[in-house]
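Student: pasting a predicted model and its sequence here:
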Amino acid sequence: MYIKNIISEIKKISGSKYIITEDWRKQPYSKGWRYGKGNAFAVVKPGTLIEIWKILELCVKEDIIIIMQAANTGLTGGSTPYGDDYERPVIVLNTMRIDDIHIIKDGKQIIGLTGSTLYNLEKKLKPYKREPHSIIGSTSIGASIIGGICNNAGGSLVQRGPSYTQMALYAKINKNGKLELVNELDINLGSSPEEILSNLQNKNYKKSDIKNTGKLGSDDKYSEIIRKINEDTPSRFNSDSRLLYGASGSAGKLAVFAVRLDTYRSPKENKVFYVGTNDPDVFWKIRRDILSKFKTLPTLGDYLHRDCYDAAKKYSKDTFLVIERLGTTFLPTLFELKRRVDILAKKLKFFPDNFSDRLMQFLSNFWPNHLPKRMENFRDLYEHHWVIEMSDEGIVEAENYFSEIFKNQDGDYFICNEFESKKASLHRFVSASAIGRYHILNSKNHGDMMSLDIAFPRNEKNWFEKLPKEIDELLEMKLYYGHLFCHVLHQNYIVKKGVDGDELKKKLLKIYDKRGAEYPAEHNVGHEYHAKPSLLNFYKQLDPTNRFNPGIGKTTKLKDWKQV
């Protein structure tokens, strides 16, 4: 009766249409995009900021756990319930209906409301010749602006650093258990929560209400940090206290209504340099030379090992073709269709598990090779591949540099034409999904899948992993890709059948600890990693009663952070 009354009250706030209680309909919101799942008594999709506020008030009054969720594209399960061991009822509050973006300061800054997406931001900024923080990767899968800020999301872009702002509007629950609204947007919006939220959503503010107080709308130190190639610490990682501020890095421990962010001038010209070698030390040298000697930093620099290249070519082909042919706008729709097909297939027992993946893999086999000849030639010649994009003045710097270095170093390069540039960048992006598809198709023949997100020290020479024999023998597959300029490597493994994946992961992480690495680098802790002390203290400050997203970072799910 208690839950029925709660549901009845929420229907009065947001309408019956926007509350989901059926198990099969809750699955897209209660199961992570790649990892984690759990139970919630309801998913609610409010249409206004004031509706969110009223639902939060109700949840606080009734002692309900709140999981804030936007696009649910995270990789470590941090935006869904996890398990069934919560001692209080759980509700998922999905914000994607509230997707407005306000352009301010002639396009130099924006205000993104709670469900706004990077893709829509990119479109809105084009007339201003400006760009958002991320222009591939998270953008392509429909990720939200707020999700990036809450997780200090990194990505491919070398010049821009992790997502960060000191200007946000959010609700928190204080140590006395009271809900309060915090306006750090530096915009005069009124005094009461209802007035502030209504004025913001309705754009009821003037230019003169927008303050210029010196607060940051982006990470202004990253380009300096990444150039310090002799430092024995990583350039970026999720528990970096430098970037934990209010909504930034909050990982669902607040209800974030809006953020105010800087934008970036679009380059006049871009060129992609496709670089290959069989010697990891060559890439080590190139990285150090470019970061320390080039006047213009690269736009991006994404690494791909040959094995990952091959896996992506086979197992990510359908994703590649969907993005290439239908555009990134269709990808969120595709994921939703996949989820619905799998739900339906489960009800029809004669269909196998993960039917949508099996079907898409089967159909992709009939499509001809989708990769350019020069990339394929480099695949045969070189083990290590690096897609480096330069812009404006940096293009000439790179042309001069690469024309010289391979006169006496192992490897080669070519400058991509427009066709090859798009293919190279997209191939690297979709490589992230290859191991998941392989694992699904071959689950009977092997053990667990592990995806590690490691930030190595800036002075680390041995960036390419060489595992001890006793560990290497336990692995069925290893796929490596990442962002080489910032020394962030995504190291994906499938263990052999019968191997304890959790124990093996602990051994791997101990190796990284000894090398001074940090993890996770950019995907945040979710429910896959332990929150380190600096991060845990930050969470406790934001959410002293542990009402928002409890259990994140493998912490306690109990009220007031009690330990069992």
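Tutor: Arrived safely, thanks for sending.

Student: contacts for the worst-scoring helix or strand of the chain on mean pLDDT next, please.
Tutor: Counting by mean pLDDT, DSSP states H and E, the chain has its least confident helix or strand at helix 331-347, which shows a mean of 74. In this structure, residues lying in contact with helix 331-347 by C-beta atoms under 8 Å, 6 or more residues apart in numbering are 24, 27-28, 33, 71, 140-142, 319, 322-323, 351-357, 359-360. Where C-beta positions appear, they are placed from N, C-alpha and C, glycine not excepted.

Student: among those residues, name the ones in helices.
Tutor: Taking DSSP state H, the ones among the contacts of helix 331-347 that sit in helices are 24, 27, 28, 319, 322, 323, 355, 356, 357, 359, 360.

Student: what number of residues lie near the closest residue to the first one other than its chain neighbours?
Tutor: Think residue 24. Nearest residue to residue 24, sequence neighbours excluded (C-beta to C-beta, 6 or more residues apart in numbering): residue 343, at 5.2 Å. The number of residues packed near residue 343 is 16, by other C-beta atoms under 10 Å.

Student: give me the distance between residue 343 and residue 25.
Tutor: 9 Å (C-beta to C-beta, to the nearest Å).

Student: ditto for residue 301
Tutor: Using C-beta to C-beta, residue 301 is found at 42 Å from residue 25.

Student: more neighbours: the two, which one.
Tutor: A count of neighbours by other C-beta under 10 Å puts residue 301 above the other of residue 301 and residue 25, at 26 against 13.

Student: ok, now which ones touch that one?
Tutor: Taking C-beta under 8 Å, 6+ apart, we find residue 301 in contact with 156, 158, 287, 386, 387, 388, 389, 483, 484, 485.

Student: can you redo those residues as CSV with pLDDT?
Tutor: Shown next, in CSV, are these (pLDDT from 0 to 100):
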residue, pLDDT
156, 70
158, 90
287, 98
386, 98
387, 96
388, 96
389, 95
483, 94
484, 95
485, 96
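
Student: tell me where the model's unsure across the chain.
Tutor: Applying pLDDT under 70 to the chain picks out residues 1, 136-142, 155, 327-332, 335, 564.

Student: re the thing from before, pick out the most distant pair among the ones in helices among the contacts of helix 331-347.
Tutor: 24 and 323 (28.0 Å; C-beta to C-beta).

Student: looking at these two, which one has more neighbours?
Tutor: When neighbours are counted by other C-beta under 10 Å, residue 323 comes out ahead of the other of residue 24 and residue 323, with 21 against 12.

Student: is it correct that that one is in contact with residue 425?
Tutor: No. The pair residue 323 / residue 425 is not scored as a contact, 10.5 Å apart, by C-beta atoms under 8 Å.

Student: for residue 422, what are its contacts?
Tutor: Shown in contact with residue 422 (C-beta under 8 Å, 6+ apart): residue 324.

Student: next one: residue 420
Tutor: 272, 274, 372, 374, 375.

Student: helices of the stretch 51-200 of the chain, residue ranges please.
Tutor: Listed in chain order, the helices of the stretch 51-200 of the chain (DSSP state H, counting those that start in this stretch) span 118-125, 145-150, 193-201.

Student: return the alpha-carbon coordinates of stretch 361-378 using PDB.
Tutor: The C-alpha trace of stretch 361-378 is given here as PDB (Å, rounded to 0.1, in the frame of the first residue of the first chain):
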ATOM      1  CA  GLN A 361      26.200  -9.800 -36.400                       C
ATOM      2  CA  PHE A 362      24.700 -12.300 -38.800                       C
ATOM      3  CA  LEU A 363      23.400  -9.500 -41.100                       C
ATOM      4  CA  SER A 364      26.700  -7.600 -41.000                       C
ATOM      5  CA  ASN A 365      28.500 -10.600 -42.500                       C
ATOM      6  CA  PHE A 366      26.800  -9.900 -45.900                       C
ATOM      7  CA  TRP A 367      28.100  -6.400 -46.100                       C
ATOM      8  CA  PRO A 368      31.400  -5.900 -48.000                       C
ATOM      9  CA  ASN A 369      34.600  -4.600 -46.400                       C
ATOM     10  CA  HIS A 370      33.900  -1.100 -45.100                       C
ATOM     11  CA  LEU A 371      37.500   0.100 -44.400                       C
ATOM     12  CA  PRO A 372      39.800   2.000 -46.800                       C
ATOM     13  CA  LYS A 373      42.600   0.300 -48.600                       C
ATOM     14  CA  ARG A 374      45.400   2.400 -47.000                       C
ATOM     15  CA  MET A 375      44.200   1.500 -43.600                       C
ATOM     16  CA  GLU A 376      44.000  -2.100 -44.500                       C
ATOM     17  CA  ASN A 377      47.600  -2.000 -45.800                       C
ATOM     18  CA  PHE A 378      48.700  -0.400 -42.500                       C
END
